[in-house]
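J.: below: sequence and its predicted model.
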Amino acid sequence: MVPLAVVTAAIMLVGWFPLTTLWHQQSQLNTTSAQIKAVQRQEQALATQSKAIDTKAAATALAREQYQLVSPGQSLIQVLPGNAAGEVSPSSADPGLQPLVAPSSAAPLITPPATTHHSTSGFVTRLVRTLEFWR
């Protein structure tokens with residue numbers, strides 16, 4: 001009777017023991033702890049960056065480089081790139097210096113809409129013509 005009870009207990013333990021569930025939960029815990037460590041490393045890197053730009057000189061340099069801001073009393077001058085000889089050609093520097101275009105040689109700004117002819121008549125044609133503004 002005792003061996004039968006031991007075998008039955010062993011079968012019940014193997015059948016109902018959540019071994020696979022525990023294994024999946026452990027792998028999820030390992031993945032989550034790895035993600036937490038990665039976030040902590042990122043937090044440390046951001047804290048280091050924050051300390052590096054916490055000074056007034058670093059904030060001023062950042063404002064000059066990324067936002068083109070200047071201190072009060074200063075003026076910002078931007079130098080446009082020229083050609084290889086160091087000269088600025090009229091076409092690249094200022095479009096206002098380009099010669100005027102004759103009205104006869106200018107392309108029209110507005111193109112006429114393409115007309116469509118419907119060979120069928122009736123309700124469908126009227127419906128399509130009514131809803132043409134959807135195109």
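T.: Everything's here; your move. Worth saying up front: this structure is predicted, and the values here are computed from it rather than measured.
J.: the worst-scoring helix or strand of the chain on mean pLDDT: what's the following helix or strand?
T.: Across the helices and strands of the chain, the lowest-confidence element by mean pLDDT, DSSP states H and E is helix 90-93, at a mean of 54. The helix or strand immediately downstream of helix 90-93 is helix 123-130, counting by DSSP states H and E.
J.: could you give the average pLDDT over that next one?
T.: Confidence for helix 123-130, expressed as mean pLDDT, is 80.
J.: who are the packing partners of that helix?
T.: Here helix 123-130 touches no other helix or strand, going by 3 or more CB pairs under 8 Å, 6 or more residues apart in numbering; DSSP states H and E. Where you see a C-beta, it was placed from the backbone N, CA and C, and this is true even at glycine.
J.: model confidence for residue 27, exactly?
T.: Residue 27 is given a pLDDT of 94.
J.: what's the neighbour count on it?
T.: By other CB atoms under 10 Å, the residues close to residue 27 number 10.
J.: again with residue 105
T.: 6.
J.: and it, how far from residue 96?
T.: Distance, residue 105 to residue 96, by CB to CB, to the nearest Å: 19 Å.
J.: what's the answer for residue 64, then?
T.: Residue 64 is 29 Å from residue 96, by CB to CB.
J.: comparing the two, which residue is more hemmed in?
T.: Each of residue 64 and residue 96 has its neighbours counted (other CB under 10 Å); residue 64 has more, 14 against 6.
J.: quick one, grab the pLDDT at that one.
T.: 84.
J.: ditto for residue 10
T.: 86.
J.: what do you get for the one 10 residues further on?
T.: At residue 20, the predicted lDDT confidence score is 78.
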